[in-house]
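Peer 1: just need the structure, nothing else, for what follows:
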Amino acid sequence: MVVEEVFKDARKGERQSPSAIQKAFGTTDIYHVLKEVLEKGEVQLTTEQKRKMMEEKKKAIVAYISQNAIDVRTNAPVPPLRIENAMEKLKIRVDPNKPVDAQIPEIVKMLKREIPLKIATAQIAIKVLPEHVGKVLGYLKSFKVKKEEWGSGGELYAIIEIPAGMQSEVFGKLNKLTSGTVDVKILEVKE
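Peer 2: I've put the predicted structure just below:
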């Protein structure tokens, strides 16, 4: 708080009358008014701040959808650029005041008019040779491990659940960690 005043128009320096403050807040006590404004008031954002918030939320929404959605026809991940283009074409706007999680279901529903997509998870079976288990095990633990078994020769057999849109990324990382010796098989893709 800069000054202990309530303004009708802060830019012009016009103070609000005590009777108007009494009518609106039930008191003229500035600290009570301040508390109520802080608890129930809305922050006025500049156009630039709103644009920046919308852009950040849009990126988060696109990243989530890209990571968790697949094209129904091909079971392949949907690239972020395709999602952005569809949002542009359908004139889907992101609400700067609404949390990202709350917007995703409605945006996915609208995107389905343009892209045949679904939010899904994939269960993947993996076989890792003993010499690569140390490098791979930590990476696998970043996902939901459904089953983990060890072979008599020290090989690791695991079933993990990942966001369906991350299949290519996970396969690439596993191949890199094992120098291409990993065996990977998609068991199931489900909504």
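Peer 1: now the closest residue in space to residue 137 that isn't next to it in sequence: how far from residue 26?
Peer 2: Closest residue in space to residue 137, ignoring its immediate chain neighbours: residue 156 at 7.0 Å, by Cβ to Cβ, 6 or more residues apart in numbering. (Glycine included, C-beta is placed from N, CA and C.) For residue 156, the distance to residue 26 equals 68 Å [Cβ to Cβ, to the nearest Å].
Peer 1: doesn't residue 97 lie inside a helix?
Peer 2: No: counting by DSSP: H, G, I helix; E, B strand; the rest coil, residue 97 is not part of a helix but coil.
Peer 1: buried sites along stretch 52-59?
Peer 2: 57, 58 (16 or more other Cβ atoms under 10 Å).
Peer 1: what does stretch 176-191 give?
Peer 2: For stretch 176-191, a neighbour-count test (16+ other Cβ under 10 Å) marks 177, 178, 182, 184, 189 as buried.
Peer 1: give the contact list for the residue nearest to residue 137.
Peer 2: 126, 127, 128, 130, 133, 136, 137, 148, 149, 150 (Cβ atoms under 8 Å, 6 or more residues apart in numbering).
Peer 1: the fifth one: which element?
Peer 2: Same thing as residue 133. Residue 133 belongs to helix 133-140 when assigned by DSSP states H and E.
Peer 1: what's the spacing between residue 151 and residue 187?
Peer 2: Residue 151 sits 18 Å away from residue 187, going by Cβ to Cβ.
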